[in-house]
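Q: give me a model of this one.
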Amino acid sequence: EYMERAGVEDAEMYINLLPCYASTDSLSSTDPTITYEGYVDYYMENLAPLVGYICYDYYPFRQNSFDGSQLRQTYLYNLELMAQKCKEYKAKTGKELELRTFLQCIGDFTGIRDLTSIGDLRFQIYTEMAFGSKEFNYYSYSTENTGKEQGLLNYMTGETTWLYESAKTANN
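A: Numbers count the residues shown, from 1 in each chain. Down below sits the predicted model:
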């Protein structure tokens, strides 16, 4: 409705949910008792019927000074929960609900680590496909950095990184 009023005809509303490791305060500023599943259920009931998909971002690879590189323990739980919600939606409505996910490509100050090989991309792509993901968003596809915290390409210069070539190979 808003997009139509703005004169936008050929576009899609983009809604991205938080991952299961989000804090309770992030899920709801008014109800401190809300659970992650309750947050997802609210989306399923109120927004999923309007857009036809569920999308969330989850960055599975972490780095810390004690254990080195590690995979977040709830990565598979979050995928399983979203896949199950899509199945429940189809059983309830008879309509498909597309699962969309993010691929971690970059490290940052929060503790998510830089990717170290094409294997990091393949692990995410194949795992998310196994749970039914139909669309992948790269975080971060482009940045202005050329050193640490780089995406697949530098949007200031147009130069691609090794991640770009890895993503092409993994996608193929």
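Q: make it CA atoms for all contacts and neighbour counts henceforth
A: Fine.
Q: which ones are touching Leu18?
A: If you count contacts by C-alpha atoms under 8 Å, 6 or more residues apart in numbering, Leu18 has them with Leu27, Tyr56, Asp57, Tyr58.
Q: may I ask which of the residues you listed comes out lowest in pLDDT?
A: Minimum pLDDT for the contacts of Leu18 is recorded at Leu27 (85).
Q: now for it, how many residues are close by?
A: 21 (other C-alpha atoms under 10 Å).
Q: so it is in contact with Tyr39, correct?
A: Yes: checked against C-alpha atoms under 8 Å, the pair Leu27 and Tyr39 is within contact range at 6.6 Å.
Q: so where do the strands sit in the protein?
A: Along the chain, counting by DSSP state E, strands occupy 53-56, 61-64, 68-71, 98-104, 133-139, 142-143, 153-154.
Q: quick check: angle from the longest helix along the chain to strand 133-139?
A: Scanning the chain for the helix with the most residues, using DSSP state H, yields helix 75-93. Counting by axes from the mean of the first three to the mean of the last three C-alpha atoms, to 10 degrees, helix 75-93 lies at 140 degrees to strand 133-139.
Q: tell me how many other residues surround Gln104.
A: Neighbour count of Gln104, defined by other C-alpha under 10 Å: 24.
Q: thinking it is in contact with Glu128, fair?
A: No: contact status for Gln104 versus Glu128: not in contact, 11.9 Å apart, counting by C-alpha under 8 Å.
Q: which parts of this structure are helices?
A: Going by DSSP H, the chain shows helices at 2-5, 24-27, 36-46, 48-51, 75-93, 118-130, 162-171.
Q: of these, which approaches Ala11 most closely?
A: Ranking those by their distance to Ala11 (criterion: C-alpha to C-alpha) puts helix 2-5 first, at 8.1 Å.
Q: ok, residues contacting the closest one?
A: Contacting residues not belonging to helix 2-5 are listed as Glu9 [C-alpha under 8 Å, 6+ apart].
Q: about what we covered before: weakest of the strands of the chain in terms of mean pLDDT?
A: strand 142-143 - the lowest mean pLDDT of the strands of the chain, at a mean of 69.
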